[in-house]
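**Student:** Can you look at this prediction? I've put the sequence above it.
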There are 2 protein chains.
Amino acid sequence: MDHCVNCKFRSILFDKLNDEELEIVSENKRSFVVPKGETICVAGQPINEFVYLVEGMVKLQKINKDGRAQIVSIARPLDFVGLLTVFSNQNYQYTISTLTDSRFCKIDISVMRRIAASNGQFALDILKYISKISDEIIRHTYAINSKNLRGRIAMILLDFANKHFDSDNYTLPLSRKELAELIDMTPENVIRILSEFRRDDLVNVKGKHIEIQNRKLLEKIRDLG
Amino acid sequence: MDHCVNCKFRSILFDKLNDEELEIVSENKRSFVVPKGETICVAGQPINEFVYLVEGMVKLQKINKDGRAQIVSIARPLDFVGLLTVFSNQNYQYTISTLTDSRFCKIDISVMRRIAASNGQFALDILKYISKISDEIIRHTYAINSKNLRGRIAMILLDFANKHFDSDNYTLPLSRKELAELIDMTPENVIRILSEFRRDDLVNVKGKHIEIQNRKLLEKIRDLG
DNA sequence: CGCGGCTTTGATGTTCATCAAGTAAAGTGG
DNA sequence: CCACTTTACTTGATGAACATCAAAGCCGCG
């Protein structure tokens, strides 16, 4: 049942593996569950395993010298959490923590390397994903930085609706402070602008519950901000 | 003479190729020279070739909707210019232009793919570089954004000295406007702060010529800014 | 010579961070 | 279940950092 052959993610990354290789992965992988709010790995720690998210939601963050956290990315299943740094660095670049109860699989990194070295198609698939994830992080970072505060809030609210929840009605898995860390502003201003959006009937905000009321205008604010 | 076997870059990326594969690369590659100020490729264009810089210096930039340019990275030889997007996207993500007279080699992208697919070690080497370049771009972007304007200027002056010219005495290949695009500020403020640094005998600035006079203090401004 | 682009400096205005203080919510121990 | 503490959230007032605007000097080029 939890054999990799039946895994719904097989087609995403492990499609090019033959039966024998898949068997090696299956024998070496371990599945584990982590409750909300826990830290999976810490920036600077050595990487021994290739970890990826099967269910749930996590944040990748880095801590500044002055102690302030910055969230680099929110990852969902298929986003292959550790992927980005796994092949260039010996150590994790980012600290990864769960935002919701989550399930992971991990495989010894040397197993992955060995298979990739002997199976170029598999390596190319990994390559494709690394490039894609990197591109997206870079694009996201530049998008955030080129917008004013209102535009950032509008963007992130729409992003959650579009990419994560597929609905204009959802519950944020982030605190106001974490929202601020994700879009590079202060918690005070996150709150201020959310209140403003509520006053203007753009978004119905009740604590962490979000309901987008005027999508058109919100998109305009995102695009013009 | 211009056979890839003798290329000084062979050991960087093409080290894992066997003689036959190297011969294929050598037969398919073309070397070409581009003068300063020319554009190599434009964001959005389809990628047909794997291009890398042999000599010179280039900038990777993207253009905002509102027409403002942002420089994502300055690349030197060994930085494998197009690498980042080549394997995830059909189209270039960034516009690449020469900052100095430059020499490139290009190879049909399908040749690269074919060799990578059959040579996992080679694919892993590419993987390693993509990860490294991505990490550096992300790190650089976050470093810039977490600093005040003085800190950004100090950082970029030191970066050029350390990474690009290996000397505290060099000539910038960028205009004030391009400097501004690289570290996300206005040309006016770039100039203002450079003038300030000159007044304080931190840096001797004469047009594009830079001479770092007080490295210790400059590093302090970078690290505390 | 004169035009246009790059550079420089000063004056002004806006955006946003910081500070402060108060309210709600959530966890803790009796 | 209730006092208590702590943490998250919210709003307003202030100030600093930075962008924008304006104008002048410089330089290369036709």
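**Tutor:** Arrived safely.
**Student:** Every contact and neighbour count from this point should use C-alpha atoms.
**Tutor:** Noted.
**Student:** And chain B, is the lengthiest helix in chain A touching that?
**Tutor:** Counting residues, the longest helix in chain A under DSSP state H turns out to be helix A:120-145. Yes - for helix A:120-145, a contact with chain B is found by C-alpha under 8 Å from any C-alpha of the partner chain, at A:120-124, A:126-132, A:134-135, A:137-138, A:141.
**Student:** where in chain A is pLDDT low?
**Tutor:** Low-confidence regions of chain A, defined here as pLDDT under 70, cover residues A:1-2, A:81-88.
**Student:** Centre-most residue in it?
**Tutor:** Nearest to the geometric centre of chain A sits residue A:75, at 1.4 Å (C-alpha atoms, centre = their mean).
**Student:** sorry, back to before: remind me what the longest helix of chain A packs against, helices and strands.
**Tutor:** helix A:10-13, strand A:69-75, helix A:83-86, helix A:109-118, helix B:83-86, helix B:109-118, helix B:120-145 (3 or more C-alpha pairs under 8 Å, 6 or more residues apart in numbering or on different chains; DSSP states H and E).
**Student:** For DNA strand D, find the nearest of these.
**Tutor:** helix B:120-145 (9.1 Å; C-alpha to the nearest atom of the strand).
**Student:** Direction-wise, compare that closest one with strand B:69-75 and give the angle.
**Tutor:** Helix B:120-145 runs at 130 degrees relative to strand B:69-75, counting by axes from the mean of the first three to the mean of the last three C-alpha atoms, to 10 degrees.
**Student:** following helix B:120-145, which helix or strand shows up next?
**Tutor:** Once helix B:120-145 ends, the next helix or strand along the chain (criterion: DSSP states H and E) is helix B:149-159.
**Student:** quick one: strands adjacent to the helix or strand following that following helix?
**Tutor:** Downstream of helix B:149-159, the first helix or strand assigned by DSSP H and E is strand B:169-171. Strand pairing for strand B:169-171, using DSSP bridges, gives strand B:209-212 (antiparallel).
**Student:** Identify the residues contacting the strand it pairs with?
**Tutor:** Applying C-alpha atoms under 8 Å, 6 or more residues apart in numbering or on different chains, the contact partners of strand B:209-212 are B:168-172, B:202-205.
**Student:** Enumerate the residues of chain A near chain B.
**Tutor:** A:84-85, A:87-89, A:113, A:116-124, A:126-132, A:134-135, A:137-138, A:141.
**Student:** Stretch A:205-222 near DNA strand C anywhere?
**Tutor:** No - interface with DNA strand C: stretch A:205-222 contributes nothing (C-alpha under 7 Å from any atom of the strand), its closest point being 7.5 Å away.
**Student:** can you tell me which residues contact the nearest residue to residue A:75 once chain neighbours are set aside?
**Tutor:** Among residues not flanking residue A:75 along the chain, residue A:58 sits closest, at 5.3 Å (C-alpha to C-alpha, 6 or more residues apart in numbering or on different chains). Taking C-alpha under 8 Å, 6+ apart as the contact definition, residue A:58 lies against A:74-76, A:96-100, A:102.
**Student:** quick one: residue A:58 from DNA strand C, how far?
**Tutor:** 19 Å (C-alpha to the nearest atom of the strand, to the nearest Å).
**Student:** Quickly list what that residue is bridged to.
**Tutor:** Bridge pairing for residue A:58 - DSSP bridges - gives residue A:75, residue A:98.
**Student:** Could you do residue A:50 as well?
**Tutor:** Here residue A:50, judged by DSSP bridges, has bridge partners residue A:107.
**Student:** Distance-wise, check it relative to residue A:110.
**Tutor:** Residue A:50 sits 9 Å away from residue A:110 when distances are taken as C-alpha to C-alpha, to the nearest Å.
**Student:** who's more crowded, these two?
**Tutor:** When residue A:50 and residue A:110 are compared for neighbours, residue A:50 comes out ahead with 21 against 12, by other C-alpha atoms under 10 Å in any protein chain shown.
**Student:** Run a quick check on that one versus residue A:108, I expect a contact.
**Tutor:** Yes - Residue A:50 is in contact with residue A:108 according to C-alpha atoms under 8 Å; the separation is 6.1 Å.
**Student:** about what we covered before: name the member of the contacts of strand B:209-212 with the most neighbours.
**Tutor:** residue B:203 (23 neighbours).
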